[in-house]
Structure formats: C-alpha cells, structure tokens
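Trainee: Here is a sequence together with a model predicted from it:
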Amino acid sequence: MELARKWVQIVIGFLTNGYWAFPFTRTIYQGPLKVVCSPGLNCYSCPASTTYCPIGAIQQLIAGIRFNLGLGQYYLGWYVLGCIGVVGGFLGRMVCGWACPFGFVQEIIHKIPGPKFKIPRILRYVKYIILSVMVILLPLLAVNEFDMGDPWFCKYVCPAGTLEAGLPMLVIQPDLRAAIGHLFFNKLAILIFFVVWSIMASRPFCRVACPLGAFYALFSRVRLVRLRLNREKCTDCGACHQVCPMGVKFNESPNDAECITCMACMERACKYGAISLEVGGLPLHSSPLRKTTKS
Amino acid sequence: MTKHKIRKLPLFTLIFFLLLFMAGVISGEPSRVLEQSRQICLSCIGIG
C-alpha cells in the first residue's frame, strides 16, 4: 500500500504539474485545464502547474468580493468552495497523504538522516487560525481604496508558492530578479524554516500551518472514505502510534482531524486486524491478521 | 457476523457542496478563476 501511495503521489504530482514546455516558453501554462481544481496545495503561478490552487483562488475571489459586488458580479467563491468541498466530502485529509505535492516534498525531505523530534499537538490549531485569518478575514476586510484585498497567505506565508513558483520564475525570467525585495526574502526564510523542520519532524507544514489541510480536517467525521477502528479487536497495544506520520494515536482517536489515511497503521502496525478502510460505512480492506493472539 | 451500516452524512455533505459548486458555475465563477489562474500574480509569490 505504501508503494501504491508513493506512485499515486508521483502521478498526481505530474498531472497537476504537467506543463514541461515552460523552459522554452518562459512562462506559465495558460490553457483551459487551469479551470480544474488541484486537490492539494499546488501554486498556480508555478510554471509547470496545469490546475488552479484552491487556496490561491479562494483568496483572490474573497479579496475581490467587494469590488466585484460594486460591479454587480457575484463571485463569492462558491465554485472553488464547492470543488474542495466535494473532494473533502469524499476523501477529507486523505488528499494530504495521497495527492498533495507539497506534502510529498516534505515526506522526501524527512528521509534525510538527522535528529528527529515530535511536534507538540497544541500547534495543530495554528493552521485553523491561518485559514480563518489569513485566507478569509484579512483578504475580505483589509481592502485598499478600490475595495480590493490581498491574498495574505500566498503573499506573506505560502512556502509552496516560493518553492514551486517564486524560485522557478526567477530562473526562467531573470529580469524579475531586479524586483525581489524583503517580501521575497521573508518568504524564502519561511520556506527554509519548513525545509529544515521537515528534516527533523514529519510533515510540519501539513500539521501546523496548511490552511487547505485545516479545511479538509473539518471533514474528518463526515468524509466518505476513512479508516475505522474495530474496538473488539483492538488491544490498545499502541503500535499504531509509532508509525503515524501525523502523530495520531489512532486507537484513542479514530476520527482524528490529523489522519491523512496513509494506512501505515493498518498495513505496518496493527497485528490484530482492528483497523479497516471503509467507504460510506462499508469495509473495503482491513489490516492483515498476523499470527499473534490477542492478549 | 458484523452488520455494516451505510453512513448517510457523507452523502448529504457531498450533495451540499455539489450544489454549491453548481451555484458557482451558474454565477460564472469558472471563467473568473480561469482568468486569475492564467496570470502570474508576482506579488502573490513574493516578487514585486
């Protein structure tokens, strides 16, 4: 299953970043696929990106709500919210584990040898603050004289944008180098911070700062596809705690908002067949029952 | 034998967001999103 997940991550990474003519055209993809939502955090100013980033798009729409209402245009973000809501309703944070390019990058970085640390669970709430303040409230309320707001998260924080768009654009369009200033260096520092943290901890950006992960986490109890714990078979041995890349204690909190359904607990940890994958309440696949009796 | 109950809440959630998606399509948002995503927002990526 882990191998399958890696392949899915690679294929989706290529599908959402499939415009490889950019070194020759020296610009981003501008075709019709850009109306399709990327399930994961994937900057649409990335030269290779073929889809739109839901967090970037929703911020742009929210930032322009007042201006557009003044023009009689009702662009309230329903299309983008509907897209990620449908994805979230199906998969929830399974997207983070299987389809987010930036999550995949963090997983690769975490394989670099070095000291490994846990992330305090309290920090998980920071991403909800980022979602509500930087993605919704500030773009809506902090407007200029033309009633236009800014995409605060993209502009001041998003390390995925710096990695996938900022740095590549400076390479393919050298003229832009004259325009970089403290804003770029601040974002570069944020990117370096998360890269270094990713070496020491598993998926720190996903767990602490990702607003898209925070949105998908809201679906943890209502999503169609999820892992289920069979209480009768569970021995509370705690083996599932050891393998979880998100720090979830699955036997204590089977609907945890942090669960990215990577299935490591089901495949690699549980010896008692206590964890299964279910779709809408119906089991699809369960952890292999190994030759160990319940103690 | 374990009885499995089909969960209805995910279906209602999906229908709700599908309706939201359709409302967005009807109000012409896809063209606005396409227009935005075809442009490079330099300040959004920390340049300029």
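Mentor: Happy to help now that I have it. Numbers count the residues shown, from 1 in each chain, chains lettered A, B, ... in the order given.
Trainee: What helix or strand is B:Leu18 located in?
Mentor: Secondary structure assigned from DSSP states H and E places B:Leu18 in helix B:9-26.
Trainee: Tell me which residue is most central in chain B.
Mentor: Centroid-nearest residue in chain B: B:Phe21, 5.9 Å away (criterion: C-alpha atoms, centre = their mean).
Trainee: Low-confidence bits of the chain, can you list those?
Mentor: Just going to use chain A. Scanning chain A for pLDDT under 70 picks out the ranges A:287-295.
Trainee: oops, I was thinking of chain B
Mentor: When the per-residue scores of chain B are filtered using pLDDT under 70, the ranges that remain are B:1-3, B:48.
Trainee: So which residues on it come close to chain A?
Mentor: When proximity is defined as C-beta under 8 Å from any C-beta of the partner chain, chain B approaches chain A at B:4-7, B:9-11, B:13-14, B:16-25, B:27-34, B:36-38, B:40-48. Bear in mind the C-beta positions are built from the backbone N, C-alpha and C, glycine included.
Trainee: Can I get the buried part of these as one PyMOL selection?
Mentor: Of the residues of chain B next to chain A, the buried ones can be selected in PyMOL as follows, counting by 16 or more other C-beta atoms under 10 Å in any protein chain shown:
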select buried, chain B and resi 7+10+13+14+17+20+21+23+24+29+30+32+33+34+36+37+38+40+41+42+44+45+46+47
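Trainee: hang on, the earlier thing: quick check: closest non-adjacent residue to the residue nearest to the centre of chain B.
Mentor: Once flanking residues are discounted, B:Phe21 sits nearest to A:Gly82: 2.6 Å by C-beta to C-beta, 6 or more residues apart in numbering or on different chains.
Trainee: count of residues packed around the one you found?
Mentor: Burial of A:Gly82 is recorded as 22 neighbouring residues (other C-beta atoms under 10 Å in any protein chain shown).
Trainee: Equivalent analysis for A:Met266, please.
Mentor: The local packing of A:Met266 (other C-beta under 10 Å) involves 25 other residues.
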